[in-house]
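Q: sequence first, predicted model second:
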Amino acid sequence: MDKNSAHSHRFCALIPAYNLSQTISEVVRQTREHLREILVIDDGSQDETARLARESGANVLRIAKNQGKGWALRKGFKHLLEKPWEGVVTLDGDLQHDPAEIPNLIREHDKSEAQIVIGSRMAETEKMPWIRYWTNRIGVYCISWAVGQPLTDTQSGFRLYGRKVIETIPLWTTRYDTETEILLKAGLLGMKITYVPIRTIYHEDDKSGSSFRAFPDTFLICMVFLKSLFWRRRWYLRDFRI
């Protein structure tokens, strides 16, 4: 880790992981070059993900039975709030996010004072699988409208969350819809959301262990968006700790 990286003491990394024994060691190793604390949530893996992550220098919390990415994020957020971190950087454990770009998210956070910084893959859309591209395009249009801010990539899991986000926003979803839920609720609370371009990395072999289910998870994302239309009622905001 770069000893001159002051932000390594301000932010930590959170990596949800499910059956990623082929990639998790490398992801942790590269992330440790930028952030001194890494928490891997092993979401019921049936391989050596937890052991390899721990041996690579990460703290590991294990969920006995697979519950979904959103549940892993929620468990990780709760654990990390026990320490005085300024924010949390989330990234996937399948090598589709380049940890070398973590400083870019932090610089954007410091410059813009945004509570959420998204690593946007839209600069290289030709590399994105077509189903991911079109579901993302639809999501971008709808969610940008709902949060009242222009977004370019609403499904990227490579993000920086300011502490206020994870302290303030209650989460109810448990799968890939959780990241959409966070954006929608942050927008309703007037939190600033911005983005930085990142490299698009997709693996043609089975090295990448993404568990995103195109149709079921897209359906869940659509449902949380539709529910957000009712969240706009003022009485509903009583459930937010503001």
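A: Yes, it's here.

Q: gap between the nearest residue to residue 10 once chain neighbours are set aside and residue 24?
A: Of all residues not flanking residue 10 in the chain, residue 86 sits nearest, at 4.3 Å (C-beta to C-beta, 6 or more residues apart in numbering). The way it works is simple: take the backbone N, C-alpha and C, and place the C-beta from them, glycine included. As judged by C-beta to C-beta, to the nearest Å, residue 86 and residue 24 stand 25 Å apart.

Q: about what we covered before: and for the residue nearest to residue 10, the neighbour number?
A: Residue 86 has 16 neighbours, counted by other C-beta atoms under 10 Å.

Q: hmm, it is touching residue 163, no?
A: Yes. Look at residue 86 against residue 163 with C-beta atoms under 8 Å: they come within range, at 5.9 Å.

Q: export stretch 113-125 as PDB, just CAs?
A: C-alpha atoms of stretch 113-125 as PDB (Å, rounded to 0.1, in the frame of the first residue of the first chain):
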ATOM      1  CA  GLU A 113     -18.600  16.600  -2.000                       C
ATOM      2  CA  ALA A 114     -21.000  14.000  -3.500                       C
ATOM      3  CA  GLN A 115     -22.300  11.400  -1.100                       C
ATOM      4  CA  ILE A 116     -22.300   8.700  -3.800                       C
ATOM      5  CA  VAL A 117     -19.700   8.400  -6.500                       C
ATOM      6  CA  ILE A 118     -20.400   5.700  -9.200                       C
ATOM      7  CA  GLY A 119     -17.700   4.100 -11.300                       C
ATOM      8  CA  SER A 120     -19.400   4.400 -14.700                       C
ATOM      9  CA  ARG A 121     -18.700   1.900 -17.500                       C
ATOM     10  CA  MET A 122     -20.500   3.800 -20.100                       C
ATOM     11  CA  ALA A 123     -17.400   5.200 -21.800                       C
ATOM     12  CA  GLU A 124     -16.800   1.700 -23.200                       C
ATOM     13  CA  THR A 125     -20.200   0.400 -24.000                       C
END
